[in-house]
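**Student:** Below is the sequence, then the predicted model.
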Amino acid sequence: MIDDPDKEADDQWCAKQRKQVIAYLSEEGFPAPNVGDWPAWHVTPVVSVWAVKSIEYPRAVGWWAVSGDFPTDYTTCSGDRNPRQALRDIGDRWRQAAARWVDGKPAEGFQLRNAAHERELAPLLATRAQLFLDFAADDRNWEE
């Protein structure tokens, strides 16, 4: 049997993204983040959305984390939340942040580790935000 090179590349990329999410969440102060073994949704090599277990309710998803060709980030999970909504939430937050950075203003609830580059990176962040919003809006990405 011949291994599928695309599947192997996909598996390697997802494993790398999972490690990146765990490292990021640890740096953000999550005590031993419990990240799913496989992304809840992904498009290799662009974006992956990861379920992160709740600390208070270990059988439930507490957060969604994103990683890929953009800053790693996360959003809380409450109620009827899913990976699609996580992309919307993060896309909206990034779009708003980029708009403020273009004007030289800080964004509420979001900043880069090196804030000196925010204005310069605002157009790139706005592009990534729109990509997230487009992915979330396209029903073909969410067919079951």
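**Tutor:** Received it, and whenever you're ready, just let me know what you need.

**Student:** Tell me which stretches of this protein form strands.
**Tutor:** Secondary structure of the chain (DSSP state E): strands at 41-43, 47-53, 61-68, 70-76.

**Student:** Centre of the chain to the longest one, how far?
**Tutor:** Read it as strand 61-68. The chain centre lies 5 Å from the centre of strand 61-68; the measure is CA atoms, centre = their mean, to the nearest Å.

**Student:** which ones are touching R128?
**Tutor:** By CB atoms under 8 Å, 6 or more residues apart in numbering, the contact set of R128 is D69, F70, P71, W94. Placement of C-beta: from N, CA and C, glycine included.

**Student:** ugh, wrong one, I meant A86
**Tutor:** V49, W64, V66, T75, C77.

**Student:** Return the closest of the residues you listed with respect to G29.
**Tutor:** G29 has its nearest neighbour among the contacts of A86 in T75, at 15.6 Å by CB to CB.

**Student:** Let me know the distance separating A98 from V43.
**Tutor:** For A98, the distance to V43 equals 21 Å [CB to CB, to the nearest Å].

**Student:** Which one's more surrounded, those two?
**Tutor:** Under the neighbour definition other CB atoms under 10 Å, A98 and V43 were set side by side, and A98 has more, 23 against 14.

**Student:** Quick check: closest non-adjacent residue to the more buried one.
**Tutor:** Spatially, and ignoring its direct neighbours in sequence, A98 is nearest to A126 (3.8 Å; CB to CB, 6 or more residues apart in numbering).

**Student:** Make sure that neighbour is actually in contact with A99.
**Tutor:** Yes - A126 is within contact range of A99, at 7.4 Å (criterion: CB atoms under 8 Å).

**Student:** Which one of those two is surrounded by more residues?
**Tutor:** With neighbours defined as other CB under 10 Å, A126 and A99 compare such that A126 has more, 18 against 15.

**Student:** residues contacting that one?
**Tutor:** So A126 contacts W94, R95, A98, A99, V102 (CB under 8 Å, 6+ apart).

**Student:** Could you tell me which of those residues are located in helices?
**Tutor:** W94, R95, A98, A99, V102 (DSSP state H).

**Student:** Around W38, how many other residues sit close by?
**Tutor:** 13.

**Student:** That one and G109, how far apart?
**Tutor:** Counting by CB to CB, the gap from W38 to G109 is 29 Å.
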